[in-house]
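> Just to be clear, the model below is a prediction. Sequence and coordinates:
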Amino acid sequence: MSEPARTRRGAFAGIAIAVATTVCGVLPVFLAGSLSVQANADLGLTAAILGIVIAVFWASSSVFSRPAGRIAERWGVRPTLMLTVGLAFVAMVGVAFASPSWPWFALWMLVAGAANGFGHPPSNALILATVRSTFTGTAFGIKQAAIPISTLCAGIAVPLIALTLGWRATFIVGAALCALTLLAIGLFVPALEARRRAGKGDGITGTLRTYFLLMAVSGFLGVAQANVIGGFTVQTAVERGFGPAEAGFIVVGASIAGIVVRIAVGMAADRGLGGTMRTVAVMLLLGAVGLGGIAYGSGPVFIAGCVLAFGAGWGWNGLVHYTIAQRAGAFTASATGLVQGGAYAGGAVGPLLFGFLGTQAGLGVGWAVAAGCAVASGVAAYLASRLEGGLSLPGSRTTGPAGPPRSSQPRRR
């Protein structure tokens with residue numbers, strides 16, 4: 001590995017760029033959810049149509065996720081990161097200036113979904129290439145905190161930008177963020193060479209493949225309910241009697257809980273506490289309790305449900321990425337693509353189903369079904385955890401998935 005990537009500064013830059021890339025990829029869909037009330041007058045975003053728009057985003061992410069792992073390994077980290085953020089920039093500009101109706105809005109969400117699908121494999125590879133192995137749990141927690149950071153930004157955007165300058169202005173700000181991230185990638189991401197593939201396939205076979213497939217099933221169900229949280233909380237809060245600005249601040253507070261939980265469980269994993277799919281299962285079951293509060297509560301109960309759902313029910317993602325890296329070793333990018341493909345498919349189905357149920361039976365029924373998905377996801381995560389004892393330790397863990405070998409010696413400071 002090049003010397004800059006081994007320094008504390010290199011690790012900080014790697015984590016920061018991984019976070020920024022993840023924010024750029026996922027921010028468009030959370031802006032769509034948080035700004036649905038304001039955009040409804042221009043685009044006609046009913047609950048059902050919003051579900052379609054969000055589903056388009058996550059379906060696109062699912063389609064592009066698996067090839068993204070292979071592309072990250074063949075092209076290298078920096079080109080794939082630039083592709084990710086470049087697509088996000090195009091989507092942001094398209095929404096801001098070329099969305100006269102909701103089908104156009106959905107088209108730009110398709111582009112944004114492709115950006116999100118390409119984002120995780122190279123971001124994970126960058127972390128593994130620049131961060132020492134004893135800090136990777138925390139690093140993945142920080143990186144996945146980008147998702148609640150995105151919901152936090154989307155929530156803040158309602159009172160600060162959408163209610164003053166208009167909802168389209170928020171996407172202009174998002175495009176500016178993408179431009180700055182592209183500049184940072186060009187300046188600070190080391191030129192990590194692509195991994196040369198020795199043969200066909202992704203190197204993931206046998207029990208290990210079953211393990212990752214169970215993780216994909218858990219991800220399908222878990223992200224199905226998680227994306228409902230990100231896409232429909234504001235709309236539900238307004239229905240329960242909160243004002244648009246108050247609903248935005250509820251999302252902000254709940255997002256902070258999500259950020260704290262993701263980083264905390266990552267730090268715990270680095271210290272040998274948790275760090276397995278069993279921990280993920282427990283978090284999902286706690287999240288189901290929070291979803292029940294959203295489904296049937298109001299006032300303080302609704303707010304508490306949001307905090308628990310955002311924190312526990314949506315705070316397990318970083319731990320999943322950490323587990324993938326621990327088990328997949330040099331094939332982390334491919335394994336990430338496999339697991340994220342299932343997760344993104346759930347992200348498409350969940351909002352679509354919720355939008356239909358919300359329109360036909362009421363939002364409360366939709367949230368109750370989301371809670372059921374969280375429980376089922378927890379069961380799948382538990383089944384995956386039962387295989388962990390039979391998996392070999394990651395002997396190739398020291399090889400970065402899309403870069404040169406990681407040093408087994410302490411890094412110079």
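Structure's in. What do you need?
> Residue for residue, what is the longest helix the chain has?
Across the chain, the longest stretch assigned as helix under DSSP state H is helix 206-239.
> Show me the shaky parts of the stretch 51-200 of the chain.
Residue ranges of the stretch 51-200 of the chain with pLDDT under 70: 192-200.
> list the contacts for residue 153?
Residue 153 makes contact with 23, 27, 30, according to Cβ atoms under 8 Å, 6 or more residues apart in numbering. All C-beta spots, glycine's among them, are computed from the backbone N, C-alpha and C.
> buried set for the longest helix of the chain?
Residues of helix 206-239 classed as buried: 208, 211-239 (neighbour count, 16 or more other Cβ atoms under 10 Å).
> ok, now stretch 40-55?
By neighbour count on 16+ other Cβ under 10 Å, the buried set for stretch 40-55 is 40, 43, 45-47, 49-55.
> and if you look at stretch 160-167?
Quick answer for stretch 160-167 (16+ other Cβ under 10 Å): 161-162, 167.
> re earlier: which one of the contacts of residue 153 is nearest to residue 116?
Using Cβ to Cβ, residue 27 comes nearest to residue 116 of the contacts of residue 153, at 9.3 Å.
> List the contacts of that closest one.
88, 150, 153-154, 174, 177.
> For residue 165, see how far away it is.
Going from residue 27 to residue 165 by Cβ to Cβ, to the nearest Å gives 17 Å.
> for this structure, which residue is closest to the average position?
Centroid-nearest residue in the chain: residue 147, 5.1 Å away (criterion: Cα atoms, centre = their mean).
> which ones are touching residue 22?
By Cβ under 8 Å, 6+ apart, the contact list for residue 22 reads 119-120, 123, 143-144, 146-147, 150.
> So which of these sit within strands?
Secondary structure assignment by DSSP state E places none of the contacts of residue 22 in strands.
> Format these as JSON lines; extra columns: distance to residue 329.
JSON lines is the format used below for the contacts of residue 22 (distance: Cβ to Cβ, whole Å):
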{"residue": "119", "distance to residue 329": "21"}
{"residue": "120", "distance to residue 329": "17"}
{"residue": "123", "distance to residue 329": "17"}
{"residue": "143", "distance to residue 329": "19"}
{"residue": "144", "distance to residue 329": "20"}
{"residue": "146", "distance to residue 329": "24"}
{"residue": "147", "distance to residue 329": "25"}
{"residue": "150", "distance to residue 329": "29"}
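> Out of these, which sit inside helices?
With DSSP H as the criterion, helices contain 119-120, 123, 143-144, 146-147, 150 from among the contacts of residue 22.
> Residue 351 - nearest residue in space that isn't next to it in sequence?
Once flanking residues are discounted, residue 351 sits nearest to residue 54: 3.8 Å by Cβ to Cβ, 6 or more residues apart in numbering.
> and what of residue 318?
Nearest residue to residue 318 in three dimensions, chain neighbours excluded: residue 144, at 3.3 Å (Cβ to Cβ, 6+ apart).
> Now restrict the contacts of residue 27 to buried residues only.
Buried by 16+ other Cβ under 10 Å: 88, 150, 153-154, 174, 177, out of those.
> Tell me the one of the residues you listed nearest residue 279?
The closest of the buried ones among the contacts of residue 27, once distances to residue 279 are taken by Cβ to Cβ, is residue 150, at 23.4 Å.
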